[in-house]
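Undergrad: Fold the stuff below for me.
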Amino acid sequence: ISSRLNFTDPSSEAGGHDPNPTEALIASLGEVSASADRNEKHNSRVAVFGSEDELEKWKLLDAEVNTYPMLRTFKAMASADDGQLVKDLVTRLNNVEGLEVDAAKHVSIKPSSKGNYQSISFGPLLVSSGEQVIDIFAELKA
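TA: Numbering: from 1, shown residues only. The predicted structure is shown next:
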């Protein structure tokens, strides 16, 4: 599953009128942000939660209820015929700073009852922070 944030140019709207200065600024900043490598990680993290507000709510809740480091299992769903996906996900998860995923040790696959899909479990994984959990979610969603 791939998620991208889309920014539109307000001046391209019907009517051809000048854009609201605030909208124009937001659109310009969005274009700059989308093209900067340093913001790609942040954008993918926000995309996991749908909005900056939801991301911040999750961080507050996480701080209240979780203590790190901790063991945690993550799950993903995929088509049963996508054999390469597990390898790709392991590679992406190993790109998360401080996380080590061994496919033989940390990955289990369970087919759906009709065999069309598979549930892929990664874990238990030792996670060191809520930020790392968010990075894991972002890699699984990418």
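Undergrad: Am I right that S108 falls within a strand?
TA: Yes. Under DSSP: H, G, I helix; E, B strand; the rest coil, S108 falls within a strand.
Undergrad: number of nearby residues for it?
TA: 11 (other C-beta atoms under 10 Å). (C-beta placed from N, C-alpha, C; glycine too.)
Undergrad: start the count at 135, not 1, going forward
TA: Understood, numbering begins at 135; the last thing we discussed is S242.
Undergrad: Might you report the residue contacts of it?
TA: 254-255 (C-beta atoms under 8 Å, 6 or more residues apart in numbering).
Undergrad: how close does it sit to G257?
TA: 9 Å (C-beta to C-beta, to the nearest Å).
Undergrad: One more: K248?
TA: From K248 to G257 the distance is 25 Å (C-beta to C-beta).
Undergrad: and what of N250?
TA: As for N250, its distance to G257 is 24 Å (criterion: C-beta to C-beta).
Undergrad: So which of K248 and G257 has more stuff around it?
TA: G257 (17 against 7).
Undergrad: helix/strand/coil for that one?
TA: When the rule is three-state DSSP, G257 gets the label strand.
Undergrad: ok, now which ones touch it?
TA: Here G257 is in contact with 205-208, 240 (C-beta under 8 Å, 6+ apart).
Undergrad: Can you tell me which of the residues you listed end up in helices?
TA: Mapping the contacts of G257 onto helices (DSSP state H) picks out H240.
Undergrad: Out of the contacts of G257, who's the most crowded?
TA: Ranked by neighbour count (other C-beta under 10 Å), those have F208 at the top, with 20 neighbours.
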